[in-house]
Each structure stands twice: as structure tokens, then as C-alpha cells.
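In: Here is the input, now give the coordinates:
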Amino acid sequence: MSKPLSEVPLAEDETLMEGFEATLSGVPVKVTAVLERTCVYVTADGERRLASKRDLIVDPARLTIRRKRSGPPPPSS
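Out: Numbering: from 1, shown residues only. You can find the predicted model right below:
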């Protein structure tokens, strides 16, 4: 069931991965970055724009959600 992105629940240690499809005012768009309250999406003509999470309609089952890494970062080589 589709719903506004702002209504997709995430745990404190989860993050939403970009690169998913959404609908904005009935038009399909590709979300390329997820910010706190907004997202960057690409229009059909390749222009990047911002949209509120409450205006982006998504299918929660098609989103990729990852757990944030805890602890210190791995050592660099």
C-alpha cells in the first residue's frame, strides 16, 4: 500500500537508502538523496529538485532500509 514517505517508520538505528522510485503529484520520479525532511529527486528532463517527504508517495515494501553501523569505523589500510 502506497503512502507518503514521511509516514514510513524507521527505527533510530535505520537509514533509508537512496535510488528508489516515488510519485510526486502523480508523476514518477527517482529519489537520489534522502535528507532529514526532504529528498532530492530527478525530473524526467534530468533536473535535480527538492521535495518534502510528505509529498513523495512510495510503496514501503520496495524501499531498502539499512541499519546504521555502530561502533568505531574499520581501520584504513
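
In: Kindly state the beta-bridge partners for Ile57.
Out: Counting by DSSP bridges, Ile57 is bridged to Pro4, Thr23.

In: Repeat that for Val31.
Out: Counting by DSSP bridges, Val31 forms beta bridges with Phe20, Tyr41.

In: any idea how far Pro9 is from it?
Out: Distance of Val31 to Pro9, given as C-beta to C-beta, to the nearest Å: 18 Å. For glycine as for every other residue, the C-beta is placed from the backbone atoms N, C-alpha and C.

In: okay, the two: which has more neighbours?
Out: Val31 (23 against 7; other C-beta atoms under 10 Å).

In: check contacts around the more buried one.
Out: Glu18, Gly19, Phe20, Glu21, Ala22, Cys39, Val40, Tyr41, Leu56 (C-beta atoms under 8 Å, 6 or more residues apart in numbering).

In: same question, Leu10
Out: Shown in contact with Leu10 (C-beta under 8 Å, 6+ apart): Leu16, Ile65.

In: Give me the pLDDT for it.
Out: With respect to pLDDT, Leu10 scores 91.

In: I'd assumed it was in a strand, is it?
Out: No - counting by DSSP: H, G, I helix; E, B strand; the rest coil, Leu10 is not part of a strand but coil.

In: Roughly how far does it sit from Arg69?
Out: Taking C-beta to C-beta, one finds Leu10 at 15 Å from Arg69.
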